[in-house]
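S.K.: Fold the following.
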Amino acid sequence: MSRQVIVIALAGLTLSFAARAVTEELPPAARWIPGDAVFVLEIVRPEALLDAALDGKVAAAIQALPAYKAAAASPGFQQFTGFLSYLESQLAVDWKTALRQVFGGGALLAAMPGDGAVLVVDSRDGKILGRLHEAFAGIARTQALKSGGPDPVASTEHRGITCWSIAPAEAHAILGNRLILANRRDVLEKVLDSRAEAAGERLDSLPAYKEAREAAGGAALAAAYVNLTLLKQHPPIREALARARNPLESLLLAGVTDAVLGSRWLSGGLYLEGDAPGGDTLALRITADGSARDPAGPAAIILSGKSSAGVLPNVTVPRFISGLTLYRDLHGFYAAKDKLFPERTSGLIFFENMMGIFFSGLDLTEEVFAETYPEIRVVVAEQAYDPALGIPRVQMPAFAVVFRLRRPAEFGEVAEEAWQKALGLVNFTRGQQAEPGLILDRVSRGDTKFSVAYFRSPKGTDKKDIPLRFNFRPALARVGEYLVMSSTDGLAADLIDALGREATLHAKAVPETDSLLEIDGAGLLSVLRANRENMVLQNMLEKGHERQQAEGEIGLFLDLLRWIERARFQLGSHGGRPRGSLEVQFRNPLDGTVDSRSIFLRRASPEAAGEAAHAR
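M.R.: Numbers count the residues shown, from 1 in each chain. Reported below is the predicted structural model:
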């Protein structure tokens, strides 16, 4: 009897769809979305996106992952493949073809006020939407019959449209080739009201939305729109923006807060670029309509109005992991601290007290920060440990900060004195705790002499498990007009070489950029692999996993990281508007092993690439 009920019900649904078929030519989905949408994500070029996602080489690489092979052997995966086979039989096409038919016309996802959400999908053929509805309705009814529950499939009429629901938090309607799926019935009805032009302002009539879509451009695979005017009215966002500015956040994220406060909309575009078929670089570019900096805000001081010329490129060294280069006017920023931060946070007061000790009471504004140019560069690189000394149980990457000085000869000695005082404080503190202290020395790299501090060699210790402190050999070097502060003398020596080469090549600035972060996939993967056991133990401790489960999670993470060649994040401005971009270049792990660190080194010079190859 139950089988007869299901057959009759499905037949009724099919007749209902046939009777309700909508023959009108459908307008853009944005015309049906109410104007108070807070966030909108549109799939603009679905075919290009699906081509990239369904590429055979990508599928082969995923199937080669150990995590995929383990999942394929699990009962849950077998249930999933069974469900997929059922859908294929109901839709009369394989799942890849079904994806192309269902999403072939594009899709739009909108977040509405009050936690409402709606997804509009334009298919190639409305018939497949009807079959998809029937398949899920059949599953819902079957599950309800098994559990003895009531029929979960219900329908109502709204403005002459049949609205369906097969779950408490779901409501949908099908109009021709278009599926409208909402998380609540009232949200669905609101969209249908907007379609009937009786609900007031619609999304595609908003000047802000039009400007944002134009800013994303037609080449975008997907485009996002954020209504900042409405978002800033959300209590948590409003409170966060109203709170006093944090000095460190203001320094690192110069202009970001100003851009949000002064903009009506934010636009994002997702692009696939590169020389490989279909592209191998996924790029996300974001812009807003406000000014890149508020004349009365921190950014106007930190960026000093000249950062449009661009930041210096990242310094490239052997075993490169990451580089961050910034344009920040430390002198102007610190001179305006009382105006920008009248409350004088405890962190700022502590900083002033410590700097007063290290710099012997010199005025931090005019006698310390005034000595630096706005160019600041941070470098992170994998360490090459001395086998005679040993390898720490936790292998930390080396890191360094490079400042450009206005008067390197005069201020260099001041910095050297401050550095030695800081090491003295470290030694005093460690001595109180009966811990070994640092020994100061002077070494040479070519014609450059620089200072280094190191711990005395461990005795009677496993060479593969020496203490954590041996990750550090602090060094201070002066190279021309640059001051290098490094966590190790090895990285300091590499930077001496790199800065020397850079001086002869006359490195060009990256235009319209005040912050540039680059990450090398191979370098990051190498240092994480070296610490795999520590990551597994941490996973077991924090999540309570058994070793096998922890190893599986960490292994999956490392396997996925193999796909990343490099990542590049930029912040700046263009035409007076704030602009940010994130570019991730991918590689197929099955194409062979490529050390992408050579990418960064080749940008420096052929000699640098050759030296890195020799070092490896």
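S.K.: Please make it C-alpha for all contacts and neighbour counts, starting now.
M.R.: Fine.
S.K.: Show me the domain layout of this structure.
M.R.: For the chain, automatic domain parsing gives the domain ranges 2-205, 303-520+566-578+586-591.
S.K.: now the last one: mean pLDDT?
M.R.: For domain 303-520+566-578+586-591, mean pLDDT rounds to 90.
S.K.: ditto for the first one
M.R.: Averaged over domain 2-205, pLDDT sits at 86.
S.K.: just stretch 222-238 next, same as before
M.R.: On average, the pLDDT along stretch 222-238 is 91.
S.K.: wait, is Ala400 part of a strand?
M.R.: Yes. When DSSP: H, G, I helix; E, B strand; the rest coil is applied, Ala400 is found to be in a strand.
S.K.: doesn't Leu491 make contact with it?
M.R.: Yes. Contact criterion CA atoms under 8 Å: Ala400 and Leu491 qualify, at 7.4 Å.
S.K.: out of the two, which sits in the busier spot?
M.R.: Leu491 (30 against 22; other CA atoms under 10 Å).
S.K.: so is the more buried one in a helix, a strand, or just coil?
M.R.: Here Leu491 is recorded as helix under three-state DSSP.
S.K.: Skipping adjacent residues, who's closest to it in space?
M.R.: Counting by CA to CA, 6 or more residues apart in numbering, Ala398 is the residue found nearest to Leu491 once chain neighbours are left out, at 6.6 Å.
S.K.: do you know how far that neighbour is from Ile237?
M.R.: In this view, Ala398 and Ile237 are 37 Å apart by CA to CA, to the nearest Å.
S.K.: Neighbour count for the two, which is higher?
M.R.: Between Ala398 and Ile237, Ala398 has the larger neighbour count (other CA under 10 Å), namely 25 against 11.
S.K.: Show the contacting residues for the more buried one.
M.R.: By CA atoms under 8 Å, 6 or more residues apart in numbering, the residues touching Ala398 are Val380, Ala381, Glu382, Gln383, Asn471, Phe472, Ser486, Ser487, Thr488, Leu491.
S.K.: still on that earlier bit, which strand residues bridge the residue nearest to Leu491?
M.R.: Ala381 (DSSP bridges).
S.K.: Repeat that for the one 5 residues further on.
M.R.: Partner residues in beta bridges with Phe403, using DSSP bridges, are Ile376, Leu483.
S.K.: thought it was touching Ser486?
M.R.: No. The pair Phe403 / Ser486 is not scored as a contact, 11.4 Å apart, by CA under 8 Å.
S.K.: who has more neighbours, the two?
M.R.: Ser486 (26 against 19).
S.K.: who touches the residue nearest to the more buried one when sequence neighbours are not counted in this structure?
M.R.: Excluding its sequence neighbours, the residue lying closest to Ser486 (CA to CA, 6+ apart) is Ala400, at 4.0 Å. Contact analysis of Ala400 by CA under 8 Å, 6+ apart lists Val378, Val379, Val380, Val484, Met485, Ser486, Ser487, Leu491, Ala492.
S.K.: residues contacting the closest residue to Leu203 other than its chain neighbours?
M.R.: Setting aside the residues directly before and after it, Leu203 is nearest to Gly35 in space (CA to CA, 6+ apart), at 4.2 Å. Applying CA under 8 Å, 6+ apart, we find Gly35 in contact with Gly200, Glu201, Arg202, Leu203, Asp204, Ser205, Leu206.
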